[in-house]
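A.B. asks: model the structure of this input:
(chains A and B)
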There are 2 protein chains.
Amino acid sequence: MRCDVLAIGTELLLGQIVDSNSSWIGEQLAAVGIDTMEHRKVGDNLSRMTTAIGEMLAAADAVVVCGGLGPTQDDVTREAIAAAMGVELERHDDLVAQIAAMFGSRGRDMPANNLRQADVPVGAEVIPNPIGTAPGIRAEIAGRVVYAVPGVPYEMQRMVIEHVLPDLLARSGESSAIVSRSLKTWGASESGLAEMIAHRVDVQTNPTIAFLARGIEGIVVRLTAKAPTEAEARALIEPEETTLREVLGELVFAVDDETMEHAVLSRLEARGWTLGVAESLTGGLIGARIANVPGASRTFRGSVASYATDVKRSLLGVTAEHVVSKECAEQMADGARRALGADVGIAATGVAGPEEQDGQPVGTVWFALALPGLPVEAVSTRLPGDRERIRQFSTISLLNLLRVRLDALEHLGA
Amino acid sequence: MRCDVLAIGTELLLGQIVDSNSSWIGEQLAAVGIDTMEHRKVGDNLSRMTTAIGEMLAAADAVVVCGGLGPTQDDVTREAIAAAMGVELERHDDLVAQIAAMFGSRGRDMPANNLRQADVPVGAEVIPNPIGTAPGIRAEIAGRVVYAVPGVPYEMQRMVIEHVLPDLLARSGESSAIVSRSLKTWGASESGLAEMIAHRVDVQTNPTIAFLARGIEGIVVRLTAKAPTEAEARALIEPEETTLREVLGELVFAVDDETMEHAVLSRLEARGWTLGVAESLTGGLIGARIANVPGASRTFRGSVASYATDVKRSLLGVTAEHVVSKECAEQMADGARRALGADVGIAATGVAGPEEQDGQPVGTVWFALALPGLPVEAVSTRLPGDRERIRQFSTISLLNLLRVRLDALEHLGA
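C.D. replies: All right, here's what the predicted structure looks like:
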């Protein structure tokens, strides 16, 4: 089974928007074992779109057309599919009612243009869009199938997962329920992870096990199971997830949509502990990332980005001579706890570059944790990359260190 | 003149990397008035690449092939172009010497595989790659032209700007030197800017004037001039830039690669003033952004992200009852100056959401500036978007406010 992708929009060709939709669709197709061999982008032009649909359906079993389903005159995906099918469009009264209801629920009048979104090629089926006004389309052309979904990413993603992938799998004679589980890891390389779980990756076909590199967000180990029903797919995932978690241990920091900052805050909140941060090279990144979580104020007291050495002394009580040192990191973590009135203090100090500092090479970073009832702990590391990367890596590494310690306390029953 | 783009790489189809190269190339083509109507992605597969090159050259005057020029066996762009031309590859001794020299200068031995990068289709020309080991290729096929450039973005970008665009313009009978100037603006909408300079956009053909929306980095007004020589192109840009700057005034915060944080730091440094920041809803983003500039430590003292109300009181001396208020913002800016020992204090406090706070709606933000010898000044605004967007908008808005005030002082001779 081969499914290619056609992204629609003049703004994509002009570089005003980068087409990340086709990449996302390609990733989903690969996860369920469907080949994808060509992606195209064309502008909002009926004749070029119709030609592209025809050419692509000649090479692939299926094509996902993404975008061009909006209400304005330049949105002509409906017309292009009708032309490729050799049929007319017909207006669906039930879609008119649905679109009008969606506007009504938002307290707005429906512009007349939006009626165009109720037009469907004769003989094609409607793919419901539960979160937007643009319904999708599924059409068969000479034994092949074309799906049209909106270009708005979250609408497109939901329709691909709920409709397109199951339909493709059913057509390929495979089971049509798909369940994925993403184990988010930090602290091992992709090849390191691959080696740890090679004995599972090699023998697993359902669920499949894939590695997705996410840069400063770590590496995701993704399980994808196919089965006749969602419950059966879940039942396939669960024992495999348990097995992998036993091997991966504390490398797994979160699951699915959870982030590192969520993971840290939820663990602190469960203990009723508040958090204070002392930063140097990160300049505020650590606090900024924590504060990105809605409800962070229940746990997060604040952050002191003490960039200048004498600010480390005056606000955090640092007396260490060198600011890239174990002693300085420890004093910063302790100072953050005190200055910010927090139960837990964490700190990062180091050399982001481009030049070395105090004779320490670029990438040298000291982290420290001050947890209630425990001595202040410091660890050093040497991070790769440029200034931006070192600062980002420092941020997630320190948060991960705190997460690992909180989990260790939990296991000790402390 | 129509030039389309073919991006090469199985990893692009699988969504492991998003193809932003073709978007970038599309943007450059549009800037110099060359049409681009179809972009494709195919995997590292000789037969599919050859077919795509042939099909695309049938529709367009030129095709840029991006990627697949690496040293490994799966890099087959050279072979695909030779196949499309109907010729063999020949090894260029001068390229062998260049590639060996590049390895030598890095103190590394050249793997035998890298010799493949010295292979060029018979009758094709070499596009020099001054910063990498993969030379590019230019080939004529049936009166059309195909360019192959590496997939590494900075290598690709340099070769497109220095070779591909001038060559395309020369072929189209146009002048071949291109100079661009980006005026980066903050504070007006795209339609607002368009209205202000409509009288210039409407009459200008060389330089052209384009708007590029950059989200939280504002809107770029880009001038692009074509002329027989670079000096002549620059001479075309200069008077137009002067005219536009007179109309746009303080909306222009930076030029070309300069960022808002550069703009702020360079102005502060010129006065010998240091900066301290007090943050609330941004949680550290403002400090983090400033600290991203190498050399920030000469000017940036630090940032206090006082997330909890009593941290605002204890560290910054805030006495205001409500934390989303003019009085609180003013006290924070003054407190930042004092607590961080800085000449200039700036502050942001507001409601990032998702819930309102103290009866203030989501998006309400107060900014304050404390400058030497001037009364502390506060301004409020109402920002759109979700939590992340409100925090990012707050960051750049506050930095812009400081920039505008520093420029005003400069104009007053103060």
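
A.B. asks: need the three-state assignment for A:V65.
C.D. replies: strand (DSSP: H, G, I helix; E, B strand; the rest coil).

A.B. asks: same question for A:I178.
C.D. replies: Here A:I178 is recorded as strand under three-state DSSP.

A.B. asks: could you give the bridge partners of it?
C.D. replies: A:K226 (DSSP bridges).

A.B. asks: pull the contacting residues for the residue nearest to A:G218 when sequence neighbours are not counted.
C.D. replies: In space, and not counting its chain neighbours, A:G218 is closest to A:W186: 4.1 Å by Cβ to Cβ, 6 or more residues apart in numbering or on different chains. (C-beta placed from N, C-alpha, C; glycine too.) Shown in contact with A:W186 (Cβ atoms under 8 Å, 6 or more residues apart in numbering or on different chains): A:218-219, A:251, A:253, A:260, A:396-397, A:400.

A.B. asks: A:L236 too?
C.D. replies: Taking Cβ under 8 Å, 6+ apart as the test, what A:L236 contacts is A:179, A:206-207, A:225, A:227.

A.B. asks: for A:M110, give me the pLDDT.
C.D. replies: With respect to pLDDT, A:M110 scores 80.

A.B. asks: where does it fall, phi/psi-wise?
C.D. replies: phi -90, psi 120 (degrees, to the nearest 10).

A.B. asks: distance of it from chain B?
C.D. replies: Using Cβ to the nearest Cβ, to the nearest Å, we find A:M110 at a distance of 23 Å from chain B.

A.B. asks: residues near that residue, how many?
C.D. replies: Look at A:M110: counted by other Cβ atoms under 10 Å in any protein chain shown, it has 18 neighbours.

A.B. asks: just A:E125 next, same as before
C.D. replies: 15.

A.B. asks: and what of A:G272?
C.D. replies: The burial count for A:G272: 9, using other Cβ under 10 Å.

A.B. asks: now A:E377: how far from chain B?
C.D. replies: 23 Å.

A.B. asks: up against chain B, what does the stretch 1-150 of chain A have?
C.D. replies: A:12-20, A:22-28, A:30, A:36-43, A:45, A:48, A:52, A:55 (Cβ under 8 Å from any Cβ of the partner chain).

A.B. asks: just to be sure, which of those residues are found in strands?
C.D. replies: A:38-42 (DSSP state E).

A.B. asks: so what's A:F393 closest to, chain neighbours aside?
C.D. replies: A:L383 (4.6 Å).

A.B. asks: can you give me the neighbour number for the one you found?
C.D. replies: Counted with other Cβ under 10 Å, A:L383 comes out at 19.

A.B. asks: in chain A, which residue is most central in space?
C.D. replies: A:D257 (6.8 Å; Cα atoms, centre = their mean).

A.B. asks: for that one, give me phi and psi.
C.D. replies: phi -80, psi 0.

A.B. asks: again with A:Q117
C.D. replies: phi -70, psi -10.

A.B. asks: I figured it was touching A:G136, is that so?
C.D. replies: No: in this structure A:Q117 lies outside contact range of A:G136 using Cβ atoms under 8 Å: 10.6 Å.

A.B. asks: any idea which helix or strand carries A:R234?
C.D. replies: helix A:230-248 (DSSP states H and E).

A.B. asks: get me the contact residues on the stretch 301-414 of chain A for chain B.
C.D. replies: Looking at chain B, the residues of the stretch 301-414 of chain A close enough under Cβ under 8 Å from any Cβ are A:301-308, A:310-311, A:314-315, A:339-341, A:352-354, A:387-388, A:391.

A.B. asks: among the residues you listed, which are located in helices?
C.D. replies: Cross-referencing these against helices under DSSP state H gives A:310-311, A:314-315, A:339, A:387-388, A:391.

A.B. asks: neighbour-wise, which of those leads?
C.D. replies: A:R391 (27 neighbours).

A.B. asks: distance between the ends of stretch A:338-349?
C.D. replies: 18 Å (Cα to Cα, to the nearest Å).

A.B. asks: only the buried residues of it, if you could.
C.D. replies: A:339-349 (16 or more other Cβ atoms under 10 Å in any protein chain shown).

A.B. asks: return the member of the residues you listed nearest to chain B.
C.D. replies: A:L340 (5.6 Å; Cβ to the nearest Cβ).

A.B. asks: mind listing the helices for the stretch 101-250 of chain A?
C.D. replies: Using DSSP state H, counting those that start in this stretch, the helices of the stretch 101-250 of chain A run over A:153-159, A:165-171, A:190-196, A:198-201, A:230-248.

A.B. asks: could you save those helices as TSV and add columns showing mean pLDDT?
C.D. replies: Supplementary listing: those in TSV, determined by pLDDT from 0 to 100:
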stretch	mean pLDDT
helix A:153-159	94
helix A:165-171	93
helix A:190-196	86
helix A:198-201	89
helix A:230-248	95
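
A.B. asks: of the ones you listed, which is nearest A:D358?
C.D. replies: Shortest distance between A:D358 and the helices of the stretch 101-250 of chain A, using Cβ to Cβ, is found for helix A:190-196: 31.8 Å.

A.B. asks: quick one: is that closest one near chain B?
C.D. replies: No: Helix A:190-196 lies out of reach of chain B by Cβ under 8 Å from any Cβ, never closer than 10.9 Å.

A.B. asks: figure out how far that helix is from the centre of its chain.
C.D. replies: The chain centroid and the centroid of helix A:190-196 are separated by 21 Å under Cα atoms, centre = their mean, to the nearest Å.

A.B. asks: sort out which residues of it are buried, please.
C.D. replies: Neighbour-count burial for helix A:190-196 [16+ other Cβ under 10 Å]: A:193, A:196.

A.B. asks: helices or strands up against that helix?
C.D. replies: Counting contacts by 3 or more Cβ pairs under 8 Å, 6 or more residues apart in numbering or on different chains; DSSP states H and E, helix A:190-196 packs against strand A:208-213, strand A:219-227, helix A:230-248.

A.B. asks: can you rerun that using 6 Å?
C.D. replies: In this structure, helix A:190-196 makes packing contacts with no helix or strand, judged by 3 or more Cβ pairs under 6 Å, 6 or more residues apart in numbering or on different chains; DSSP states H and E.

A.B. asks: give me the contacts around that helix.
C.D. replies: A:211, A:213, A:219, A:247 (Cβ atoms under 6 Å, 6 or more residues apart in numbering or on different chains).

A.B. asks: mind running it again at 10 Å?
C.D. replies: By Cβ atoms under 10 Å, 6 or more residues apart in numbering or on different chains, the surrounding residues in contact with helix A:190-196 are A:183, A:185, A:187-189, A:201, A:209, A:211-213, A:218-221, A:244, A:247-249, A:251.

A.B. asks: PyMOL command to pick out the buried ones of these?
C.D. replies: Selection of the buried residues among the contacts of helix A:190-196 in PyMOL, burial being defined by 16+ other Cβ under 10 Å:
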select buried, chain A and resi 183+185+187+201+209+211+212+218+219+220+221+244+248+251
